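[1] Provided below are the primary sequence and the corresponding predicted coordinates.
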Amino acid sequence: MVQKKLFIPMLCMLCFISNTIVGQTQLSSLNDFVQPVGNWVKANAVQMDVQNPETLIFKADGDCFVNGVNGKAKYLVTKDSYQDIELKLEFMLPKGSNSGIYFQSRYEVQLFDSWGVKDQDLTFYDCAGIQQRYDDTRVEAEKSFEGYAPSTNESKAPGEWQSLHVIFRAPKFNSNGEKIKNAQFDKVSLNDVVVHENIILSGPTKGTLSDVEVLSAPFRLQGGHGPVAFRNIRVNVLEQSCPK
């Protein structure tokens, strides 16, 4: 009887992982994002400027999203909200540039020109790293915490197209709105190499839209920290992994 009393409540807390795809979307237009989009443009023939390697040059119209001629724009926020998703995209950064993807606008996978960084020197801030959390109520030395460096540096040289593949699990809540499971990155792959697996997030990372965690929210692409281009943004909506 003792075992049953312990076992039955635990069953109610279980969340079952499912990679079953229940919806697919390719973000191919600026109309797929919340308007206005600021300086973001659709472009083609995107490349790093060899005369000024900290910038990107491009031609008007095409299948790429670029954060303007000055390489600075507001966040590009999806119109749709998501829970568990598989995200695949390609990105380009010029020399020294910095961007990121905020899943549910709260949990950031870092994009950074980490070309040449040795594996032993990698931090959460390097490309495909998972950003730290921040708590202003803590003592100064402990305000920034957690954060996860990629296991290896798979970054390509600045100006090259790179691929990112992420399986993200949204936090789960019971019928009373209480969180019963943290958000999680099941997998993060950079240029076809897995650099994170099963990273559990105790809460939103730095730069979050809100510290309040939710079941469903848009993701956003960072455009304010340097030139960046994105293309082939594909979202697979995954079957929810917790019973309602």
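    Cool, got the structure. In this text the structure is predicted, and so the values were computed from the model without any measurement.
[2] does Lys42 sit in a helix, a strand or a coil?
    strand (DSSP: H, G, I helix; E, B strand; the rest coil).
[3] That one and Phe33: what is the separation?
    Using CB to CB, to the nearest Å, Lys42 is found at 11 Å from Phe33. C-betas here are computed from N, CA, C, even on glycine.
[4] Likewise for Val212?
    To Phe33, Val212 is 22 Å away according to CB to CB.
[5] more crowded one of those two?
    Phe33 (20 against 10; other CB atoms under 10 Å).
[6] burial count for the closest residue to that one other than its chain neighbours?
    Distance criterion CB to CB, 6 or more residues apart in numbering; nearest residue to Phe33, sequence neighbours excluded, is Leu76 at 5.1 Å. Neighbourhood size, Leu76 [other CB under 10 Å]: 24.
[7] ok now stretch 227-244, how far from the chain's centre?
    Chain-centre distance of stretch 227-244: 9 Å, with CA atoms, centre = their mean, to the nearest Å.
[8] what does stretch 64-83 give?
    Mean C-alpha position of stretch 64-83 versus that of the full chain (CA atoms, centre = their mean) differs by 13 Å.
[9] How about the backbone phi and psi for Leu30?
    Leu30 adopts backbone torsions of phi -60, psi -20, taken as degrees, to the nearest 10.
[10] What of Thr20?
    Phi and psi for Thr20, reported as degrees, to the nearest 10, are phi -70, psi 130.
[11] pull the CA atoms of stretch 186-197 into PDB?
    C-alpha atoms of stretch 186-197 as PDB (Å, rounded to 0.1, in the frame of the first residue of the first chain):
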ATOM      1  CA  ASP A 186      16.700  18.200 -25.900                       C
ATOM      2  CA  LYS A 187      19.300  18.800 -28.600                       C
ATOM      3  CA  VAL A 188      21.300  21.600 -30.200                       C
ATOM      4  CA  SER A 189      23.300  20.900 -33.300                       C
ATOM      5  CA  LEU A 190      25.700  23.300 -35.000                       C
ATOM      6  CA  ASN A 191      26.700  22.500 -38.500                       C
ATOM      7  CA  ASP A 192      25.400  18.900 -38.100                       C
ATOM      8  CA  VAL A 193      27.300  18.200 -34.900                       C
ATOM      9  CA  VAL A 194      25.400  17.800 -31.600                       C
ATOM     10  CA  VAL A 195      26.800  20.300 -29.000                       C
ATOM     11  CA  HIS A 196      24.100  20.100 -26.300                       C
ATOM     12  CA  GLU A 197      21.800  17.300 -25.100                       C
END
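[12] Just the buried positions in it, please.
    Asp186, Lys187, Val188, Ser189, Leu190, Asn191, Val195, His196 (16 or more other CB atoms under 10 Å).
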